[in-house]
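Enquirer: fold the following and give me the result.
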Amino acid sequence: MGLASYSADSAVNPGLPIDKLDRYLDEIRFEPVWRRDADLDASYYDGNQLDAATLDDMQRLGMAPLIRNLIRPTIDVALGMEAKTRSDWRVQADNDEQQDMAEAMSAKMKEAERESGADRACSDAYAGQLKTGLAWVEVSRELDPFRYPYLVSAVNRKEIFWDWRSKKPDLSDARYLVRKRWQDADILELMFPDDKELIEQVGFSRANWDTPISDITALQGRTWLHEQASSLPESEWRDTTRKRLCLYEVWYRLWQRGFVIRTPDGRTVEVDLNNTRHAEAVAAGVVEPVPAIFPKMRLSWWVGPHRIADLPTPYRHGNFPYIPFWGYREDLTQIPYGLIRSMRSPQDEINARLSKMMWLMSAKRTTMDASQVDDVDEFRREVARPDAVLILSARRKSESAGGIFKVDDQMELSKQQFMVMQDAMEAIQKTAGVYQAMLGEKQGQVSSGIAINSLVEQGTTTLAEINDNYRFGRRGVGQALAELLIEDMGSQPQVVNVDAKFGTKKRQIILNNPTTKNGIQVLDNDIQRTMIKVALEDVPSTPTYRAQQLLMLSEMTKAMPPQIQAFVVPFILEASEMPHRREIADQVRKALGIESGDQEQTFTKDQVQQIVQQEIEKFVQQSEIGLKQKEVDIKAAGLTLAEKDSETKRLLADAKVKKDVADTDLKVLDTLLAHDAALDQNRGKQISNELAA
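Expert: Numbering: from 1, shown residues only. Next up is the predicted model:
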């Protein structure tokens, strides 16, 4: 079979047939029973812990339906840990050449994370992990044009159904995923205007058995035949009372044979002969097509057994737009479950013991013979009162005559119920892996901060499986959001301001910058050809952690020299939570002579080209000025050396002259001293002779 037979658009896809949809829905109906238990776990968290049968039995026995919900605060502690240790997304590059693109994409991801509500969606998904064992997050484009263009929202587990034979946690090997949503008919008509008549037909004006054949339209006949050929019950997709229809959003992978090429940068691309670059590369022998079997994602819309649309996936990535957040999964059946599953039994015991204990505190047990009271029912009601007045029968027998009359308040049994209930309360925390120190309670004799932190860390370790699954799901959300950003950027130049690694001035990174290399027009920082990966930051970005960082930075600054502390002060101000901290930090930088960064701006394509040209001219000008300055410095250095050499020679000559003069003066001085010594000697002899005479 030739290469042209496997081109991307060579075959026409007929779409998902009705029999395959029925097969998918049959598999969904016969999946393991887990949704009922998941709903029960969520009800226990909400405090709905007594069913109708239990309430009837308690009412019959005269017991109060008391509930002490210990599951909710235990789960809330783990939810608070997620909010405290939340990390932002960070885009990683495979090599140093793509580092600028990774930093620019990280800045874009922070904006998308903030504006799309991704943190709230992931937090809701984490709550679903802990409670029921499974939650979903949708990453798609926003339909409302007045909102942020990307939508990241949590989806209830009741709406999502998937291929149960899938084994991978990201469902990359699943054949299908179905989302069911009930929508009003008028909204569906706006969503699918080309199928307005069909939606109206299947909703309210369908043909009945008693309709004459002459009055049945062609559309009514087709819809009637489709409904009769499908095994889908009508109650699952049509609500004539509210005028609603259930919309089936079916994502499925269609496997096919084809050819792929592997580019030098490590990417694998499907061969598309309609793409001139692919055709030229294959014809020139630059790349070699390789036969392969691979899936292609498609999206099919259904209203019951009626297909509305079937089209290729609107996203660049080949995965579902719904990211699963798993809790725990059974080894045998792969059923998901959360922390509440193991907490339900001790919670039931607490509720039962509490009701029993309160009942025993007010209940009275009486042992007597038939002759002690006249009306037993009246006596039973009276003895249960705290201010009871018991009137015994006049015909009663005395104890000596064999009469029996004893009232027991059963307080000892109430104490036993309380002790057993305390054990059940501790069992809830142990089964969940949450210790009293994490709840803010003192545990035993532990009082030091280090010991308490160790207990909290131990509790965090017991939740490692769920936390690891949460990080896996959150990273999947970030990867899907990054794919949407890259796809919408296209090949248009875009300037992104990022923080400099050193200093405070922001630097600009131009993505998809058109340049010429070796006479060929190429894009510098081509975001479409970059293989990026989304990871989570190593440190959290929560207010609590920022406060800890501020404290650590302040303590480190105290140990620095005074001249270094002045440069660290702006960073301390920006790390604080005080209002107008950035403006104050900029003023401090100006006072210290440090230039502050500019605010992020958006530029058009012409402005980007102008900025690039200005930067090139500035670089050339600075290079020329630098070369001229170096020449001047070299000349100045040469003159300086010559002057120093001449000065050295002059000093040496002056020193030699001074040395000769000094030598001459010494010789003259020696002669004068010798002459004076001879005169003194002759004068001494003359004086001696005169004294002798």
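Enquirer: all contacts plus neighbour counts: C-alpha atoms, from now on.
Expert: Fine.
Enquirer: span of stretch 232-244 from start to end?
Expert: Distance across stretch 232-244, first residue to last, is 16 Å (CA to CA, to the nearest Å).
Enquirer: contact partners of it?
Expert: 22, 182-185, 203-204, 245-247, 303-305 (CA atoms under 8 Å, 6 or more residues apart in numbering).
Enquirer: pLDDT check: weakest of those residues?
Expert: Ranked by pLDDT, the contacts of stretch 232-244 bottom out at Phe204, which scores 66.
Enquirer: picking up where we left off before, pull out the buried members of the contacts of stretch 232-244.
Expert: Trp182, Ala185, Gly203, Leu245, Cys246, Leu247, Val303, Gly304, Pro305 (16 or more other CA atoms under 10 Å).
Enquirer: is it true that the fourth one touches Ile187?
Expert: No - using CA atoms under 8 Å, Leu245 makes no contact with Ile187, being 10.1 Å away.
Enquirer: returning to that earlier point: which one of the buried ones among the contacts of stretch 232-244 is nearest to Trp224?
Expert: Nearest to Trp224, judged by CA to CA, of those is Pro305 at 10.0 Å.
Enquirer: give the contact list for that closest one.
Expert: With CA under 8 Å, 6+ apart, Pro305 has these contacts: Ile18, His226, Glu227, Ser230, Leu232.
Enquirer: which one of those is nearest Ser166?
Expert: Ile18 (22.1 Å).
Enquirer: any idea how far Ile18 lies from His306?
Expert: 8 Å.
Enquirer: for Arg341, same thing?
Expert: Distance from Arg341 to His306, by CA to CA: 39 Å.
Enquirer: buried set for stretch 133-146?
Expert: Using 16+ other CA under 10 Å as the burial criterion, the residues of stretch 133-146 that qualify are Gly133, Leu134, Ala135, Trp136, Val137, Glu138, Val139, Ser140, Arg141.
Enquirer: repeat that for stretch 108-120.
Expert: Lys108, Met109, Ala112, Glu113, Glu115, Ser116, Gly117, Ala118, Asp119, Arg120.
Enquirer: contact partners for the third one?
Expert: Remark: with contacts taken as CA under 8 Å, 6+ apart, Ala112 is in contact with Ala118, Tyr150, Leu481.
Enquirer: now name the helix or strand holding it.
Expert: helix 99-115 (DSSP states H and E).
Enquirer: average model confidence for that helix?
Expert: 86.
Enquirer: report the angle between the helix or strand that that helix is followed by and helix 99-115.
Expert: From helix 99-115 onward toward the C-terminus, using DSSP H and E, the following helix or strand is helix 118-132. Following axes from the mean of the first three to the mean of the last three CA atoms, to 10 degrees, one obtains 70 degrees for the angle between helix 118-132 and helix 99-115.
Enquirer: summarise which helices and strands helix 118-132 is packed against.
Expert: helix 35-46, helix 71-84, strand 134-141, strand 150-155, strand 322-326, strand 336-337, helix 340-362, helix 464-489 (3 or more CA pairs under 8 Å, 6 or more residues apart in numbering; DSSP states H and E).
Enquirer: out of those, deepest packed?
Expert: strand 322-326 (a mean of 26; mean count of other CA atoms under 10 Å).
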